[in-house]
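**Student:** Provided below are the primary sequence and the corresponding predicted coordinates.
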Amino acid sequence: PAMRAPGISAALTAVVMASAVCSAWAFWGVAPRGAAGPGRTARLPMAANDRGRGSQTRPQVAEAPINENIKASEVRLIVPSVEEVGKEDMVGVVPIQEARDRANELGLDLVMISDGPPAVCKVMDYGKHVYNQLKKKKEIKKKSKQTEIKEVKMGVTIDVGDFAVRAKNAAKFLSQGNRVKAMVMFRGREMQHKGRGEVLLRDLVKQLDELGTMEGNPKMEGRAMTVMITPRANRQQDAAKKGAGGGKATKRDAAAAAAATAAEEEP
């Protein structure tokens, strides 16, 4: 009996401590996480389907009332044409039940496309309609890409062949709807021939006139002279081909650039 006293005392101590904690919960109206108690409801576990779905959204299509969910008493009915595939026939204003019966006879859905009055309903395959709408949204999103700024760099001593390549690349970028930043790089003592760089940039802009317009005048940025070319809003594919093929520098342009360089070198 004397050896069991410590064990009994420990048990009594645990009971007293538990009773004190419960009293504190009751007084302050709190409960441990996940447990119900006075002044607090139990926290239910989150459903598996509700976890992590916020970041994985799919393209949505506005749901239209269909079949039994249409509350109108009469509707203006449109049905598929029986004479020509892909065409539709206007039936006119009919009671809602008659419209539903027509849809059931064709094995299709009655979809309200306008709330009127009277509401306009069309007999169609609603699942196929939703699929086509999602497909159309994806195509629109794919085509509406952000405009980028493409760079075309050249040296002040670039030859005719390399200049033609730069012009061809710039024409391709403009035809894709991108802005072009043309740059003439200067090295060492080439900084003394800034006029040559401006002649090259203006010649490039002139050859791309059908595809883009120059934003402002050429300007210096560090050891480079730059100009921004913006694509024209009404550019055409044939203009793009012409601009790509018109990148060859003429002898007259080369002579003008040489004259400008010689004028700067004169004392």
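**Tutor:** Happy to help now that I have it.
**Student:** Following the chain onward from the longest strand seen in the chain, which element is next?
**Tutor:** For the chain, the strand with the greatest residue count under DSSP state E is strand 212-221. Sequence-wise, the next helix or strand downstream of strand 212-221 (DSSP states H and E) is strand 224-231.
**Student:** buried ones in that following strand?
**Tutor:** Buried residues in strand 224-231, counted by 16 or more other C-beta atoms under 10 Å: 225-229, 231. The way it works is simple: take the backbone N, C-alpha and C, and place the C-beta from them, glycine included.
**Student:** between the residues you listed, which is nearest Ser81?
**Tutor:** Nearest to Ser81 among these: Pro231, at 43.4 Å, using C-beta to C-beta.
**Student:** can you pull the contacts of the closest one?
**Tutor:** 174-175, 177-179, 211-212 (C-beta atoms under 8 Å, 6 or more residues apart in numbering).
**Student:** Just the element for Ala11, please.
**Tutor:** Assigned by DSSP H and E, Ala11 belongs to helix 5-28.
**Student:** after that helix comes which helix or strand?
**Tutor:** Per DSSP H and E, the helix or strand that comes after helix 5-28 is strand 74-80.
**Student:** average pLDDT for that following strand?
**Tutor:** What strand 74-80 shows for mean pLDDT is 90.
**Student:** next one: stretch 120-129
**Tutor:** For stretch 120-129, the per-residue pLDDT values average out at 89.
**Student:** That one: end-to-end distance?
**Tutor:** Stretch 120-129 has its terminal residues 16 Å apart, counting by C-alpha to C-alpha, to the nearest Å.
**Student:** residues in contact with it?
**Tutor:** For stretch 120-129, contacts defined as C-beta under 8 Å, 6+ apart pick out 64, 66, 70, 75-80, 88, 99, 102-103, 106, 108-114.
**Student:** Check the residues you listed for burial and list the buried ones.
**Tutor:** 64, 66, 70, 75-80, 99, 102-103, 108-112.
**Student:** re the thing from before, packing partners of the longest strand of the chain?
**Tutor:** Under the contact criterion of 3 or more C-beta pairs under 8 Å, 6 or more residues apart in numbering; DSSP states H and E, strand 212-221 touches helix 194-207, strand 224-231.
**Student:** wait, what's in contact with the spatially closest residue to Thr226 that is not a sequence neighbour?
**Tutor:** Nearest residue to Thr226, sequence neighbours excluded (C-beta to C-beta, 6 or more residues apart in numbering): Met183, at 4.9 Å. Met183 is in contact with 151-154, 221, 224-226, counting by C-beta under 8 Å, 6+ apart.
**Student:** What are the contacting residues of stretch 209-228?
**Tutor:** For stretch 209-228, the external contacting residues (C-beta under 8 Å, 6+ apart) are 149, 171, 174-175, 179-187, 191, 194, 197-198, 201-202, 205, 229-232, 235, 239-240, 242-243.
**Student:** Mind picking out the helix or strand in this protein with the poorest mean pLDDT?
**Tutor:** Every helix and strand of the chain was ranked by mean pLDDT, DSSP states H and E. The lowest is helix 237-245, at a mean of 46.
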